[in-house]
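> Return a 3D structure for these sequence lines:
(2 chains)
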Amino acid sequence: MTRIYCPIEAELIRFVDADLSPEGAEHIIEHLSRCPTCSQQVRELRSLVEELGAPIGINLDVGAHVHDVLRSLDRTVAQPNRRPVIARLAAITVMAASVALAVRLVGLRYGSPAGTWQPRGSLQSESLSRDVGVQVFTLRKSPQPLRPGDTIAPDAALTAGFRNLGHEKAYMLLFAVDSHNAVHWITPKYTRVDEDPKGTELARTEAEHLLPTSVVFDGMASGPLRIVTIISPSPVRVSQVESLSQAELSQGSLARRFANAEVREIVVQVSNAYRGKAP
Amino acid sequence: MRFPRLIYQAPAQALPLSGRDDDTLMTLAQAGSREAFAVLVERHALHVVQTCFRFAGEREQACELAQGIWVTIWQSRSRYQPGGNFSIWLITIARNRCRNELRRQRVVARHSSATSPLGPEPSSGQIDSLLIEERRRRVREALSQLPVAMREALLMRYGEELRYDEMSKVLGAPESTLRSRVHHGLKLLKRQLEKYL
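The predicted model follows:
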């Protein structure tokens, strides 16, 4: 049996970087045809290089940009010491960045969460409890359903899937309460304190659907994280939660306050040790 | 001696500005032509914004940075040597500007949704977009944690797709040093992102 001697990682990196001589590259190609381990290494490196060079999908109104630049030239001439103003996004914008304002529907193809949706008893009469299912996911290589007791990183990307088998629309508020009792919104989009969005509309749909974007929380405290879902038959606004005290944010209190709504909660752990490594 | 009588003077060939190369436009800009400069901006606007985005990780800030870069270019246009590579000169200024601004502000790349609102018929690839965006966010985040010199080398090599000799002009470091930064940077990033590649 012939033993395969693998090239060192630096050689594979130079190969992916197209920085080897033709002979060196040929040698690596020949090796890769026989070595699945190195092939995997090269695949990962190529994937990384592709990400680094991935085109950036920025919609730029070039005409407006040119206009702004020329106006800046005028301002510079008029006020030579003035620096261009740098727009700073408010922390709150970052906090809730990327939550979709409207839920547009999309088929969930990866790892069907069929077994993870909230149970519905077919013998029960029509109700939000029976008809509407919501599942929170973390995003890694594929959406991973978040279950009670799971541990996530403070910078985990979260999104949610849902379905509504009822005949009426439903509305969803989905937020997390961290160990410092800070409320972080998953949906609806809530990025400005002077706004008061209503719950995300859940249209009737027989298939599971995923919110089109994910959210990464800013300043998430480590420790237990309560993820609360309020599903209501009529719109409930963000302010109706934001105005509540710490005690009023408990599941029981929320259920009493929103008597017509379905209030659900799961508790997961947030760990700084998972930052950048795990969900 | 008498000069021949001028009977007919052919009109000068008026090549539109948009048909001129970067060097000519810069020469005209050096002579004060804002129209020529506007054509240059238009031609390279998206590229500059994208370059800034790779540094800043945030769209609005990338646009602001890009605007500042063009002002810098206008102000220092007299230093441009026609015959040089305008793109490299542009990237050099962009890189310096981004580096200085970000040093002042400490920008953290954040996840912002690059997905545009869905049309009436939702795309079945939306989940893929989410995952791709999440992977990119991880890459940007990991990149932002690398030493500045290493990050710049990776961005120039793969973001701007420069050769090592071009990178050397932009970054002012020997090619061998840049090779080492790129290769070492890839190694570090790969380790950090293994779960997402």
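> how about the helices in chain B?
B:22-30, B:34-56, B:59-75, B:86-105, B:126-144, B:148-154, B:164-171, B:175-193 (DSSP state H).
> would CSV of these with mean neighbour count be doable?
All C-beta atoms are positioned from the backbone trio N, CA, C, and that covers glycine. As requested, the helices of chain B are exported to CSV (neighbours: other C-beta atoms under 10 Å in any protein chain shown):
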stretch, mean neighbour count
helix B:22-30, 19
helix B:34-56, 21
helix B:59-75, 22
helix B:86-105, 18
helix B:126-144, 21
helix B:148-154, 21
helix B:164-171, 18
helix B:175-193, 19
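> Which of the ones you listed sits closest to A:D218?
In terms of C-beta to C-beta, the element of the helices of chain B nearest to A:D218 is helix B:126-144, at 13.1 Å.
> Is any residue of the closest one near chain A?
Yes. Shown here: helix B:126-144 in contact with chain A (C-beta under 8 Å from any C-beta of the partner chain) through B:126-127, B:129-131, B:133-139, B:141-143.
> Quick check: which ranges of the stretch 51-200 of chain A have low pLDDT?
Scanning the stretch 51-200 of chain A for pLDDT under 70 picks out the ranges A:76-125, A:141, A:192-193.
> those strands in it, which residues are they?
A:132-139, A:143-145, A:151-152, A:157-164, A:170-177, A:183-187, A:200-202 (DSSP state E, counting those that start in this stretch).
> These: which one's closest to B:E152?
Nearest to B:E152 among the strands of the stretch 51-200 of chain A is strand A:157-164; the distance by C-beta to C-beta comes to 26.6 Å.
> in its sheet, what does the closest one sit against?
strand A:132-139 (antiparallel), strand A:205-210 (antiparallel), strand A:215-216 (antiparallel) (DSSP bridges).
> Who are the packing partners of the worst-scoring helix or strand of chain B on mean pLDDT?
Every helix and strand of chain B was ranked by mean pLDDT, DSSP states H and E. The lowest is helix B:126-144, at a mean of 81. Applying 3 or more C-beta pairs under 8 Å, 6 or more residues apart in numbering or on different chains; DSSP states H and E, one finds that helix B:126-144 contacts helix A:36-52, strand A:132-139, strand A:143-145, strand A:157-164, strand A:205-210, helix B:148-154, helix B:175-193.
> what's the longest one in contact with?
What that stands for is helix B:175-193. Residues outside helix B:175-193 that contact it (C-beta atoms under 8 Å, 6 or more residues apart in numbering or on different chains): A:9-10, A:13-14, A:16-17, A:19, A:44-45, A:48-49, A:276, B:138-139, B:142-143, B:145-146, B:149-151, B:153-154, B:156-157, B:164-165, B:167-168, B:171, B:173, B:197.
> before we move on, what about stretch B:138-154?
Defining contact as C-beta under 8 Å, 6+ apart, one finds that stretch B:138-154 is touched by A:48, A:51-52, A:155, A:276, B:57, B:95, B:99, B:108-109, B:155, B:167, B:171, B:173, B:178, B:181-182, B:184-186, B:188-189, B:192-193, B:196.
> If anything else comes up later, I'll come back, but that's it for now.
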